[in-house]
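K.L.:
Model the following, please.
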Amino acid sequence: MVSNQFYLFLIFITNGILIGIFFDFFRILRKSFQTSDTITYIEDLLFWILTGFSVLYYIFVFNDGEIRLFMFLAIAIGVSFYMLVFSKFFIRINVHIISFFKMIIIKILEIIFIPLKFIKKLFFKPISFIFINIRKSFTNLYNNFYKFIKKYRHSENNVKN
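P.N.:
Next up is the predicted model:
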């Protein structure tokens, strides 16, 4: 009986450590990527829902649904142990890993977009040149037409007087 409870205590300490890792996962995402407040709220809600499911899963699988106070104490000990001993190291390493992969992905995208920039200059520059000239022609046509109408009205007013 005591060995079973000690075994459960260790299992729930493990659950607390996993919850700490899961919490740090969200902290790592926040340090690595800029998120809006709405996304942060959604992440927090997701964290608490998944943590709740994790605790319930452990309670039902390892203790047949019986809730004991020592389980929550063990979870708190597991989270505290993880946060005090491993959290800073875990976050620092993963933020560096994510930053490294972000840098690689950015470089790959830059390399991929080099031909697209060339294609843009090759094909879209002449097309934009044509549209610019068409716009200039229409602007000139409009201005000339406006001047003509203005002259016509002025001459019409002179004839009436």
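
K.L.:
List the residue ranges of this protein that fall below the pLDDT cut-off.
P.N.:
Across the chain, the ranges flagged by pLDDT under 70 are 1-2, 119-129, 154-161.

K.L.:
how does it look with 50?
P.N.:
The model of the chain has no residue with pLDDT under 50.

K.L.:
ok, which stretches of it are helices?
P.N.:
2-32, 37-63, 69-85, 87-119, 125-160 (DSSP state H).

K.L.:
Using CSV, please lay out those together with mean neighbour count.
P.N.:
Placement of C-beta: from N, CA and C, glycine included. Listed next are the helices of the chain as CSV, based on neighbours: other Cβ atoms under 10 Å:
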stretch, mean neighbour count
helix 2-32, 16
helix 37-63, 13
helix 69-85, 16
helix 87-119, 11
helix 125-160, 10
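
K.L.:
Tell me who's in contact with the nearest residue to Gly16 once chain neighbours are set aside.
P.N.:
Excluding the flanking residues, the one nearest Gly16 by Cβ to Cβ, 6 or more residues apart in numbering is Gly78, at 2.1 Å. Residues in contact with Gly78, defined by Cβ atoms under 8 Å, 6 or more residues apart in numbering, are 12-20.

K.L.:
could you redo the last one with a cut-off of 7 Å?
P.N.:
By Cβ atoms under 7 Å, 6 or more residues apart in numbering, Gly78 lies in contact with 12-17, 20.

K.L.:
same thing with Phe113?
P.N.:
Counting by Cβ under 7 Å, 6+ apart, Phe113 has no contacts.

K.L.:
how close does it sit to Phe60?
P.N.:
Distance, Phe113 to Phe60, using Cβ to Cβ, to the nearest Å: 51 Å.

K.L.:
And for Ile106?
P.N.:
Taking Cβ to Cβ, one finds Ile106 at 45 Å from Phe60.

K.L.:
and what of Gly78?
P.N.:
From Gly78 to Phe60 the distance is 18 Å (Cβ to Cβ).

K.L.:
same question, Asn15
P.N.:
12 Å.

K.L.:
do the same with Asn4
P.N.:
Taking Cβ to Cβ as the measure, Asn4 falls 16 Å from Phe60.

K.L.:
contacting residues around the closest residue to Lys102 other than its chain neighbours?
P.N.:
Sequence neighbours aside, Ser32 is the residue nearest to Lys102 in space, at 7.2 Å (criterion: Cβ to Cβ, 6+ apart). Each residue near Ser32 by Cβ under 7 Å, 6+ apart is listed here: 95, 98-99.
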